[in-house]
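Undergrad: the following block contains a protein sequence and its predicted model.
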Amino acid sequence: MKNKRLFEKINAIVVEKSMLNHPFYKYWLMGKLTKSDLREYMKQYYQLEGAFPRFMSGIHSHTGDAAMRQTMLMNLCGEEEGTNNHLSQLVAFSESLGLKEKNLKMSKANTSTKKAVDTLLSLTSSVDINKGIATLTAYKHQIAKVAATKEDGLRKLYGITNAKALQFFTTHSRADRSWHEMLDSHVSSSDEKAVLASVRATCDAFLTFLGGVTTKKMLKAC
């Protein structure tokens, strides 16, 4: 990795603004979420996850390097291609909570979810592709640990053990360094300020999203 110092700074930001430190996930790991809490979370998460192909295609459309576009395309296909894409996996988990796909499709993004999606769309549609790559790098930097932690909690604390229901979390618990590698290959020292600003904005967007599904009861307990 040629930009080791930059990635150390990215890691520091992600650690500081870790999703797992948010009251919602702390409450999750206390085993105190109700099915109603989880259903509301999934309705909002469905809106967020449904926007990921747009995040990736926004970066892809502004990238001049063919090899980078191919890597981005593979990521995009994982999100959207076939009947077992990431959104379908999310539906399978939601069904274990008693939510049908039509319930998810009929749901509306709350103010916090909309703000988070708008922030991420703005970053990933920038003509400065470093901003978009940094956004997905910041996400991938923590999502594997987040997904693995959530899956473990669902198994041990909420009694959800069906492999199909948990596939979304299993899939995302696998480390994906492709965005780190693309950022490392493309970024220069003059881009550092914009990259770090994008990482901060991305982390804040996910915390904003979580704030929208966090109740006063959760805040009081945490």
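TA: That came through, no problem.
Undergrad: which residues does stretch 66-80 contact?
TA: 52-53, 56-57, 59-60, 63, 85-87, 136, 176, 178-179, 182, 185-186 (CB atoms under 8 Å, 6 or more residues apart in numbering). No exception for glycine: its C-beta is placed from N, CA and C like everyone else's.
Undergrad: ok, and what's touching stretch 192-211?
TA: 6, 9-10, 13-14, 16-17, 19, 22-25, 44, 48, 112-113, 115-116, 119-120, 123, 128, 130-132, 134-135, 137-139, 183, 187.
Undergrad: inside helices: which ones of those residues?
TA: Among the contacts of stretch 192-211, DSSP state H puts 6, 9-10, 13-14, 16, 23-25, 44, 48, 112-113, 115-116, 119-120, 123, 130-132, 134-135, 137-139, 183 in helices.
Undergrad: report the buried members of those.
TA: 6, 10, 13-14, 23-25, 44, 48, 112-113, 115-116, 119-120, 123, 130-132, 134-135, 137-139, 183 (16 or more other CB atoms under 10 Å).
Undergrad: for residue 160, give me its contacts.
TA: Per CB under 8 Å, 6+ apart, neighbours of residue 160: 93, 96, 154, 166.
Undergrad: quick one, phi psi at it?
TA: phi -100, psi 110 (degrees, to the nearest 10).
Undergrad: quick one, grab the pLDDT at it.
TA: Residue-level confidence at residue 160 comes out at 96, pLDDT.
Undergrad: from residue 98, how far off is it?
TA: 12 Å (CB to CB, to the nearest Å).
Undergrad: with residue 20 instead?
TA: 26 Å.
Undergrad: of the two, which one has the most company?
TA: Using other CB atoms under 10 Å, the more surrounded residue of residue 20 and residue 98 is residue 20, with 14 against 11.
Undergrad: from memory that one sits against residue 146, does it?
TA: Yes - the criterion here is CB atoms under 8 Å, and residue 20 meets it with residue 146 at 6.0 Å.
Undergrad: now the farthest one out in the chain, which residue is it?
TA: residue 190 (27.2 Å; CA atoms, centre = their mean).
Undergrad: that's all I had, so thanks and see you.
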